[in-house]
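Q: whatever this is, show me its structure:
(chains A and B)
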Amino acid sequence: MDPLWVIFLKAFVMSVLLLGGFAYLTWYQRRLLGRFQHRLGPNRTGPFGLLQPIADAIKMIFKQDVTPTRADKFVFILAPGISVVFALVTFGAIPAGPANSFFGLDPWILDLDIGLLYVLATTSIGVYGIFLGGWAANSKYSLLGSLRSSAQIISYELGLGLSVLSVIMIAGTLNLREIVELNVWSVSPWLWPGLIVALFAFWISATAEVSNVPFDLPEAEQELVAGYITEYSSLKFALFFMAEYVGMINASAIIATLFLGGYKGPAFFDLLIPGMSEWPFIWLILKIVLLLGVFIWLQASLMRMRYDQLMRFGWVWLFEIALGAALLTGAVIAFVL
Amino acid sequence: MSILNVAKGMGVTLSHLFKKPVTVQYPEEKAQIQARFRGRHHLLRHPDTGLEKCIGCSLCAAACPAYAIYVEAAENDPDDPTSAGERYASIYEINMLRCIFCGFCEEACPTGAVVLGHEFELADFRYDHFVYGKEDMLVGVKGSKWQRREAERKGGEVELGFQAGPRPELEGVDY
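A: This is a model prediction of the structure:
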């Protein structure tokens, strides 16, 4: 356990890194989407366009900040804050390496026994940002957009919660670090079918949670102007996007932690350099970058679902698939092992 | 949306990820222009005698849907003719801001004097810099007004940002 001031320092550094990560995620996304479409993407600002996020940030900061006259001012300002704070806070529970591996410090901020529950809870609270933002703007487009987005995110939380059940049952703990140390795939090959289905269901739910394509209805340019962010401008607008992109990083980190070995690298790297698979940060970051690449790949490939398709898919298919995975894993644990 | 269709679609996009981008990095790389591209006008001369083809008939101005062309004709001096006909264009101006590059002037011209070339880099800073006179369009003048001013300032050659295929109507025009 680190002293309290070290924990605060780590939290501060993590926030800064995540916001930097958000900025460079936009760069990564635009470059990769460009390549998917035979384009180069932004490459003019600095080498490889690496200064593009900074230019975007400067532009965003100097935009006029409009607050609608009849908006509820306090909630209107509070909402983007809620979104971004709970997006950042979520990442605190994710371990980035074994204990004491980072120059004698623990490479995580919170080592909670209810880590997984905490992660699910904080991502859920992020919905309040969306809902309050849409409500406070006092615009029918914002309100409808926010209602729709909240309904989407709450619906897909079911799939999210049920698909992690398999992992929880196998690991027997909610502590994310212990889940990584156990490595759910190594327990028994009999559990693999359930885990694969769970991974699949979790992935789809997470895609809907972070409003990525094909579940990016919150953006809804065609029918609701821009959904819950219609009335937002300047930095408040940027904060909502920050929350969305940090949410994408969070989702990748959680998928990596629960299903893909988290901060551990492949064991055969230990043959090259002993202890390499235990190095902190690099493996988690590598996995996050790869998974973000898959999210962007989805963006390049799929189109947006209709709202009724989205709800039907969530409640009729995803819910049942996730439940099936949990039952399957439970049955294997109960009767085979 | 069946799972198979999604997988198929994602396979397609993935295969495109590894293809070479088609982007032309324009100011550094030259744009490839088709031979029939319609850009800035050229006023041609007869290649053998060097006389201007334009006879100042104003048919191009009449055909112009954007009223971008202004022509004033004058009698040729029989001893030292400017054009091959009786009259020649003493003033020939095209307003490049009004011009829509439709090529009707080229179609209307009875002598094939005005031809739309390939130059498209016509951006400039003042209104009057967009009115191109004879001295800006006669064969042998290369580049837009701004490009020529810039080349003069730097003391170099006019550099055009494109490459184009040959076109028979543009005889004598050198890119």
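Q: which bits of the stretch 151-300 of chain A sit near chain B?
A: Residues of the stretch 151-300 of chain A found near chain B (Cβ under 8 Å from any Cβ of the partner chain) are A:Pro214, A:Trp297, A:Leu298, A:Ala300. C-beta coordinates here come from the backbone N, C-alpha and C atoms, glycine included.
Q: going by proximity to chain B, name the top residue of the stretch 51-200 of chain A.
A: A:Phe200 (9.3 Å; Cβ to the nearest Cβ).
Q: so which strand or helix has that residue?
A: Assigned by DSSP states H and E, A:Phe200 belongs to helix A:192-209.
Q: and that helix, what does it pack onto?
A: Judged by 3 or more Cβ pairs under 8 Å, 6 or more residues apart in numbering or on different chains; DSSP states H and E, helix A:192-209 is in contact with helix A:140-171, helix A:234-259, helix A:319-331.
Q: could you pull out the strands for chain B?
A: Counting by DSSP state E, the segments of chain B that form strands are B:31-33, B:41-43, B:69-75, B:87-95, B:114-116, B:131-132, B:162-164.
Q: could you dump those strands to TSV with mean neighbour count?
A: Shown next, in TSV, are the strands of chain B (neighbours: other Cβ atoms under 10 Å in any protein chain shown):
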stretch	mean neighbour count
strand B:31-33	16
strand B:41-43	24
strand B:69-75	16
strand B:87-95	20
strand B:114-116	23
strand B:131-132	20
strand B:162-164	17
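Q: spatially central residue for chain A, please.
A: In chain A, the centroid-proximal residue (Cα atoms, centre = their mean) is A:Ala251; its distance is 2.6 Å.
Q: an error on my part: the question was meant for chain B.
A: Nearest to chain B centroid, counting by Cα atoms, centre = their mean: B:Arg40, 2.1 Å.
Q: report pLDDT for the spatially closest residue to it that is not a sequence neighbour.
A: Leaving aside its chain neighbours, B:Arg40 sits nearest to B:Glu119 (4.1 Å; criterion: Cβ to Cβ, 6 or more residues apart in numbering or on different chains). The model reports B:Glu119 with a pLDDT of 88.
Q: A:Glu221 too?
A: 69.
Q: any idea which helix is longest in chain B?
A: Counting by DSSP state H, the longest helix found in chain B is helix B:3-17.
Q: for it, packing partners?
A: Looks like helix B:3-17 contacts helix A:4-36, helix A:282-301 (3+ Cβ pairs under 8 Å, 6+ apart).
Q: using a markdown table, lay out the helices and strands packed on helix A:192-209 together with distance to A:Ala57 and mean pLDDT.
A: Formatted as a markdown table, the helices and strands packed on helix A:192-209 follow (distance: least, Cβ to Cβ, whole Å; pLDDT from 0 to 100):
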| stretch | distance to A:Ala57 | mean pLDDT |
| --- | --- | --- |
| helix A:140-171 | 24 | 87 |
| helix A:234-259 | 8 | 90 |
| helix A:319-331 | 38 | 91 |
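Q: now these in TSV, with distance to B:Glu106?
A: Supplementary listing: these in TSV, determined by distance: least, Cβ to Cβ, whole Å:
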stretch	distance to B:Glu106
helix A:140-171	50
helix A:234-259	50
helix A:319-331	65
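Q: up against chain A, what does chain B have?
A: Within chain B, the residues that sit near chain A (Cβ under 8 Å from any Cβ) are B:1, B:6, B:9-10, B:12-14, B:16-17, B:19-23, B:25.
Q: I would like the residues contacting the helix or strand of chain B with the lowest mean pLDDT, please.
A: In chain B, no helix or strand scores lower on mean pLDDT, DSSP states H and E than strand B:162-164, which sits at a mean of 78. Contacts to strand B:162-164, defined as Cβ atoms under 8 Å, 6 or more residues apart in numbering or on different chains, come from residues B:Lys30, B:Ala31, B:Gln32, B:Ile33, B:Gln34, B:Ala35, B:Phe37, B:His118, B:Glu119, B:Phe120, B:Glu121, B:Tyr175.
Q: filter these down to the buried ones and hand me the ChimeraX line.
A: Buried subset of the contacts of strand B:162-164, written as a ChimeraX selection, criterion 16 or more other Cβ atoms under 10 Å in any protein chain shown:
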select /B:31,33,37,118,119,120,121
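Q: out of the contacts of strand B:162-164, the closest to A:Ile125 would be?
A: Set against A:Ile125, the nearest of these by Cβ to Cβ is B:Ala31 (52.0 Å).
Q: for B:Val139, see how far away the residue nearest to the closest one when sequence neighbours are not counted is.
A: With Cβ to Cβ, 6+ apart as the criterion, B:Ala31 has its nearest non-adjacent residue at 4.2 Å, and that residue is B:Phe162. According to Cβ to Cβ, to the nearest Å, B:Phe162 and B:Val139 sit 19 Å apart.
Q: next: B:Phe130.
A: Look at B:Phe130 and B:Val139: by Cβ to Cβ, they are 21 Å apart.
Q: ok, now which ones touch A:Ser149?
A: Counting by Cβ under 8 Å, 6+ apart, A:Ser149 makes contact with A:Val127, A:Ile130, A:Phe131, A:Gly134, A:Ser211, A:Leu217, A:Pro218, A:Gly227, A:Tyr228.
Q: run a quick neighbour tally on the closest residue to it other than its chain neighbours.
A: Nearest residue to A:Ser149, sequence neighbours excluded (Cβ to Cβ, 6+ apart): A:Pro218, at 4.0 Å. Neighbourhood size, A:Pro218 [other Cβ atoms under 10 Å in any protein chain shown]: 23.
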